[in-house]
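>>> Provided below for reference: sequence and predicted model.
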Amino acid sequence: MKKLVLNSVLISLAMILSYVERLFPVTLIIPLPGVKIGLANIVTVFALFYLDAKSAIIINIIRCMLVSILFGSVSSFLFSIFGTAASLLVMIALMPGCGKYFSMSGISIAGAAAHNIGQIVAAFILIRSTGIFSYLTILLISSIFTGFLTSVVSSSLLTHINKIKVF
Amino acid sequence: MFTKPKTGDIIIISVILFMAVANLVFFMGQSTGASTAQIIKNGKIIKEIKLSEVTSRIEIRENDQYNILIAAENGKIHFEESNCPDQVCVKTGWISRPGQSAACVPAGIIVKIVGDVGENSDTDIILK
């Protein structure tokens, strides 16, 4: 029951973060279209570390669906589901090595990069032009920074949550 | 406890950087603007011009019902002159990207640009 509540809270948090991110003009600071901070990824990383892989998958699938229905379109659903699936796959695959071989930042960065690759694949499916892959370089480099930012927020969140022991 | 850097992190970042560079090298040679202009008269393609290979000015004249001059130069094409009544084709101006088109309806001539995959999609993608 507690887990259900926590999952629901995380879904709504992820949705709000996805929405806030649309309002936040990142392109003013970094003038590149498509570069996003990936605020919702904070929730994914948090769920993956604090809960388990199953919860992270459920949270992300529901978030993708709801965000696309409320604020987006069919193509935006395709983009986010491809990105999310790739990112989750990579992060879950790397999870067993956490603490031993990889830090949280490393896993988060790998997830962010996989997210971008997934989105480019989705774009390729929609446009069917290989030209879209030329944009991947910029996205991959930006994912190193955004992935690191995400992990910093998530790790400080985790330390505080572990202190107060709400759940 | 979570953010202490590990050796695997360096590997992850190097792999990402390697992919970024490899991707850059792989796609640098490919020009994304490999577009072809099709000149279509009454539904039939009468001429195709590879816009990326146009070095000097190319002029195409059509003197059927109306006198039309289509000109292509460094990657773009337009209706330069036409004596059709509405002049929409001339006012469209230069077109260069796949999916763009200019049409002279009275003469039945359409100039249309298709991408390197040769698809006839007028819209690449609509994003929000």
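On my side now, so go ahead.

>>> so A:Ile144 touches B:Met19, yeah?
No. Assessed by C-beta atoms under 8 Å, A:Ile144 is found out of contact with B:Met19, at 11.2 Å. All C-beta spots, glycine's among them, are computed from the backbone N, C-alpha and C.

>>> between the two, who's got more neighbours?
A:Ile144 (19 against 15; other C-beta atoms under 10 Å in any protein chain shown).

>>> Provide a list of residues in contact with the more buried one.
Neighbouring residues of A:Ile144 by C-beta atoms under 8 Å, 6 or more residues apart in numbering or on different chains: A:Ile109, A:Ala112, A:Ala113, B:Ile13, B:Ile16, B:Leu17.

>>> now the longest helix along chain B: mean pLDDT?
Longest helix in chain B, counting residues (DSSP state H): helix B:7-28. Taken as a whole, helix B:7-28 has a mean pLDDT of 84.

>>> wait, does that helix contact chain A?
Yes. Counting by C-beta under 8 Å from any C-beta of the partner chain, contacts between helix B:7-28 and chain A involve B:7-9, B:12-13, B:16-17, B:19-21, B:23-24, B:26-28.

>>> lowest mean pLDDT among the helices and strands of chain A, which one is it?
Across the helices and strands of chain A, mean pLDDT, DSSP states H and E gives its lowest value to helix A:26-29, namely a mean of 69.

>>> could you point out which element follows that one?
Remark: after helix A:26-29, the chain's next helix or strand is helix A:40-50, criterion DSSP states H and E.

>>> so what's the residue count around B:Asn42?
10.

>>> go ahead and confirm it touches B:Val105.
No. Contact criterion C-beta under 8 Å: B:Asn42 and B:Val105 do not qualify, at 11.3 Å.

>>> quick one, grab the pLDDT at residue 56.
All of this is about chain A. 91.

>>> I was after chain B.
With respect to pLDDT, B:Ser56 has a value of 82.

>>> excluding chain neighbours, what is closest to the spatially most central residue of chain A?
Ranked by distance to the mean C-alpha position of chain A (C-alpha atoms, centre = their mean), the top residue is A:Asn41 at 2.9 Å. Excluding the flanking residues, the one nearest A:Asn41 by C-beta to C-beta, 6 or more residues apart in numbering or on different chains is A:Thr150, at 4.7 Å.

>>> ok, that neighbour - contacts?
By C-beta under 8 Å, 6+ apart, the contact list for A:Thr150 reads A:Ile37, A:Gly38, A:Leu39, A:Asn41, A:Ile42, A:Val45, A:Ser108, A:Ala112.

>>> a markdown table please, covering those and showing pLDDT.
Below are the contacts of A:Thr150 laid out as a markdown table (pLDDT from 0 to 100):
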| residue | pLDDT |
| --- | --- |
| A:Ile37 | 79 |
| A:Gly38 | 80 |
| A:Leu39 | 84 |
| A:Asn41 | 86 |
| A:Ile42 | 89 |
| A:Val45 | 89 |
| A:Ser108 | 91 |
| A:Ala112 | 92 |
